[in-house]
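K.L.:
Build the 3D model from these lines:
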Amino acid sequence: MSNKQKIANSSNGKEQDEAKTELQASLTDKRRSALQKYREMVIGTRGFWKLFKYEFIMWLCNATPGAPGYFFRKLLYPRLLGHVGRGVVFGRNMTIRHPDKICIGDNCIFDDLVVLDAKGIDNKGITIGNNVVIARNSVISCKGGDIEIGDNSNISLNCMIHSEKSVVIGKNNLWAAYCYVIGGGNHDFDRIDIPIVQQGSHVKGIVMNEDIWLGAGVRILDGCNIGRGVVVGAGSLVTKDIPDWHLAAGSPARIIRDRRNASEKSDGND
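P.N.:
The predicted structure is shown next:
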């Protein structure tokens with residue numbers, strides 16, 4: 001191989017290393033062993049004992065079917081997670097990442113195949129209130145951010161919450177299936193001389209207040225503040241704030257009406 005080819009290959013390798021997100025660069029660092037990368041991805045802390053405890057508990061009962069599985073997960077998961085309240089039900093084949101930063105209130109229910117990923121270095125992770133139901137295949141995922149879910153919220157199947165900074169969900173939220181709340185991912189793309197993944201991103205976070213109903217397939221983008229008592233129609237794309245008590249729908253979503261006006265008309269007709 002000629003010197004020019006060596007220099008070109010070296011340059012290409014350097015460009016490939018630079019064209020990565022911070023997390024991607026950490027997990028693909030050639031100087032670290034596969035075990036170190038796995039430990040960082042799964043538990044986020046050093047120490048053989050914590051990794052062994054995680055692996056043993058997940059191997060023992062994560063996929064165990066029926067009542068024995070529910071019993072052993074109820075018994076052992078509190079030893080793994082940051083906090084688990086009373087009466088919590090854990091389904092089969094859950095994915096749990098950075099368990100020390102996952103705190104769960106009383107009487108919560110997690111269906112099969114739910115993902116709880118509190119990944120991050122300095123973040124607080126995932127905090128879930130009391131009486132929360134999270135249905136099958138839903139993903140609650142931090143990428144260095146925090147996620148809070150208020151009491152009595154009901155998140156249907158195949159939903160996703162992603163946080164690079166902060167996603168706060170108030171009490172009594174009701175979500176239909178396939179709702180996505182994306183607290184991040186706004187990459188700059190003004191330059192064309194370098195890959196988009198190198199250009200950084202700006203993240204504001206998402207706040208969703210109490211008593212919100214999302215129809216099936218709603219997508220809420222970063223930076224939105226969704227007011228109390230809001231209803232969002234199925235298939236809507238929310239790109240900006242929605243004030244309290246309003247109904248919004250469309251792609252992008254627009255205000256349809258104020259729910260309080262409808263209540264006043266109904267009262268007047270009674």
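K.L.:
Please settle this for me: is V207 part of a strand?
P.N.:
Yes: V207 sits within a strand when classified using DSSP: H, G, I helix; E, B strand; the rest coil.
K.L.:
got a list of what it touches?
P.N.:
V207 is in contact with 168, 224-226, counting by Cβ atoms under 8 Å, 6 or more residues apart in numbering. Where C-beta positions appear, they are placed from N, C-alpha and C, glycine not excepted.
K.L.:
Mind checking which of these land in helices?
P.N.:
Using DSSP state H, no member of the contacts of V207 sits in helices.
K.L.:
For those residues, which entry has the maximal number of neighbours?
P.N.:
With neighbours taken as other Cβ atoms under 10 Å, the top of those is I226, carrying 25 neighbours.
K.L.:
on that earlier part again, among the contacts of V207, pick out the one closest to M160, please.
P.N.:
C224 (15.3 Å; Cβ to Cβ).
K.L.:
pretty sure that closest one is in contact with N209, am I right?
P.N.:
No: taking contacts as Cβ atoms under 8 Å, C224 lies outside contact range of N209: 11.3 Å.
K.L.:
Among the contacts of V207, which are located in strands?
P.N.:
Taking DSSP state E as the definition of strands, the contacts of V207 contribute 168, 225-226.
K.L.:
can I get those residues in a markdown table with pLDDT and distance to H98?
P.N.:
Below are those laid out as a markdown table (pLDDT from 0 to 100; distance: Cβ to Cβ, whole Å):
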| residue | pLDDT | distance to H98 |
| --- | --- | --- |
| V168 | 98 | 19 |
| N225 | 97 | 27 |
| I226 | 98 | 27 |
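K.L.:
Does D151 touch V133 like I think?
P.N.:
No: judged on Cβ under 8 Å, D151 makes no contact with V133 at a distance of 11.3 Å.
K.L.:
before we move on, the earlier item: which one of the ones in strands among the contacts of V207 is nearest L35?
P.N.:
V168 (35.3 Å).
K.L.:
how close does that closest one sit to E148?
P.N.:
5 Å (Cβ to Cβ, to the nearest Å).
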